[in-house]
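Colleague: okay, structure incoming, though there's no sequence with it:
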């Protein structure tokens, strides 16, 4: 297997026309797809194109839909305007201005990320840092603010569109370390993006090594889609062995190294290269936890999740989260109503063993915190959603149940109204 790796090759918006033609799209459909890609980012690679997508089923293939823009992801009038600009080869500045206007209507930074999550420290704010929950700090290393391929549903899409004002990125490992020392309540750091595993071993080492001597730090987490989109990173890439030695160093320093691996569909788990990459990572002492959002047209049925969780458990991975699609970007296109999401979760959960029931969800990462939908129940003659906080800005609310009126169309926390009270627990 170690001799079967190929060099990484990226495909971007300039390749969209030829690739969508391969999927059987008409010239007008291809133009509309390119129009969407002026607003939302597109990037994929040869591994995804040749190993994961079933081109005989495109454009309805779930992996195709996972990485390729669809024309109805944006309002029809916006797609028509942008298509017209592309058709008449308008100046680049005019196209970008129109795309920017559409982006600003898509809630590029949901849940108060910039207003509520970025902490002040020293003379100002630390670039590329978020601190929403007391024990956890998120860090966005500058060199990790891209991915091997972009998911069409990604709630971090604003990181990848080339607008500096929308991007979160930091390049100060010592500032991160100093912040942690000043905040002893922080016990774990999550490197996110983008994808930290786009970085080479020497660059990632710059960020990890300063943290290893901090006694307060119990865990280092790495949010990554690399196992699904480029497992060669850990098997055949030139620095694969050095990267694994770095992971061993983190574990030997007494830190729990956890890969928060995004797998959106069972097919991403099928290649032998993925199993080998997971084995090599786990052999370093690192833990691999899996998570993904529930996405319409890609994985919105119980059988898909059951298959995925069972395969992950066989591979020694730990199912961790089923998320709800966040209120940003093309949410209206991908979102599944909360009532339906709970049905999908329950119907998959009931068919897996206890080893797979480590998974939590369906969960919304909303402004006040991570809200889990526990079910739909009848209480005091009223049909309601039962919910609780897995995480919360107000730690006293974690684990406490609360209720919302049943709404079959609600797809996000903001769509709900409190039941048996005039306000939700976090509302003043």
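Modeller: That came through fine. For clarity, every value in this text was computed on a predicted model and none was experimentally measured. Numbers count the residues shown, from 1 in each chain.
Colleague: alpha carbons only for contacts and neighbour counts from here, please
Modeller: Fine.
Colleague: verify the stated contact: residue 36 with residue 80.
Modeller: No - look at residue 36 against residue 80 with CA atoms under 8 Å: they stay out of range, at 9.8 Å.
Colleague: now the lowest-mean-pLDDT helix or strand in the chain, how far from the chain's geometric center?
Modeller: The helix or strand of the chain with the lowest confidence, counting by mean pLDDT, DSSP states H and E, is helix 113-116 at a mean of 73. For helix 113-116, the separation from the chain centroid amounts to 18 Å (computed by CA atoms, centre = their mean, to the nearest Å).
Colleague: ok, residues contacting it?
Modeller: 130, 132 (CA atoms under 8 Å, 6 or more residues apart in numbering).
Colleague: ditto for stretch 220-228
Modeller: Residues contacting stretch 220-228 (CA under 8 Å, 6+ apart): 147-148, 188-193, 195-198, 233, 255-263, 268-269, 274, 277-278.
Colleague: quick one: end-to-end distance for that stretch.
Modeller: 21 Å (CA to CA, to the nearest Å).
Colleague: for stretch 365-385, same thing?
Modeller: End-to-end distance (CA to CA), stretch 365-385: 17 Å.
Colleague: just to revisit the earlier point, neighbour-wise, which of residue 36 and residue 80 wins?
Modeller: Neighbour comparison, residue 36 and residue 80: the larger count goes to residue 36, with 26 against 17 (by other CA atoms under 10 Å).
Colleague: name the next helix or strand following the helix or strand encompassing that one along the chain.
Modeller: Assigned by DSSP states H and E, residue 36 belongs to helix 27-37. The helix or strand immediately downstream of helix 27-37 is strand 44-45, counting by DSSP H and E.
Colleague: mind listing what residue 310 touches?
Modeller: Residue 310 touches 352, 356, counting by CA under 8 Å, 6+ apart.
Colleague: make it 10 Å
Modeller: The contact partners of residue 310, by CA atoms under 10 Å, 6 or more residues apart in numbering, come to 266, 317-319, 348, 351-353, 355-356.
Colleague: circling back: list the buried residues of the helix holding residue 36.
Modeller: 29-37 (16 or more other CA atoms under 10 Å).
Colleague: again with stretch 75-87
Modeller: 78-86.
Colleague: gap between residue 356 and residue 260?
Modeller: 16 Å.
Colleague: show me which of the two is the more surrounded one.
Modeller: Taking neighbours as other CA under 10 Å, residue 356 and residue 260 compare with residue 260 leading, 24 against 20.
Colleague: so what's the backbone phi/psi at the more buried one?
Modeller: Main-chain torsions, residue 260, degrees, to the nearest 10: phi -90, psi 90.
Colleague: overlap of the contact sets of residue 36 and residue 80?
Modeller: Joint contacts of residue 36 and residue 80 (CA under 10 Å, 6+ apart) are 71, 74.
Colleague: circling back to that earlier point, wait, which of the buried residues of helix 27-37 is closest to residue 23?
Modeller: residue 30 (9.8 Å; CA to CA).
Colleague: now stretch 276-284: mean pLDDT?
Modeller: The predicted model assigns stretch 276-284 a mean pLDDT of 98.
Colleague: okay, domains of this structure per the record?
Modeller: 10-105, 120-355 (the TED database).
Colleague: and the ones you listed as JSON lines, adding distance to residue 370?
Modeller: Shown next, in JSON lines, are the domains of the chain (distance: least, CA to CA, whole Å):
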{"stretch": "domain 10-105", "distance to residue 370": "24"}
{"stretch": "domain 120-355", "distance to residue 370": "10"}
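Colleague: okay, those, which one's buried deepest?
Modeller: domain 120-355 (a mean of 20; mean count of other CA atoms under 10 Å).
Colleague: surely residue 68 is in contact with residue 43?
Modeller: Yes - using CA atoms under 10 Å, residue 68 is in contact with residue 43, at 8.3 Å.
Colleague: name the residues contacting each of the two.
Modeller: Shared contacts of residue 68 and residue 43, counting by CA under 10 Å, 6+ apart, come down to 13, 16, 37, 150-152.
Colleague: tell me the one of the residues you listed nearest residue 306?
Modeller: residue 151 (21.3 Å).
Colleague: pLDDT wise, what is that closest one at?
Modeller: 95.
Colleague: ok so, going back, I'd like the shared contacts of residue 68 and residue 43 laid out as CSV, including distance to residue 288 and secondary structure.
Modeller: Below are these laid out as CSV (distance: CA to CA, whole Å; DSSP: H, G, I helix; E, B strand; the rest coil):
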residue, distance to residue 288, secondary structure
13, 32, helix
16, 33, helix
37, 32, helix
150, 21, coil
151, 20, coil
152, 23, coil
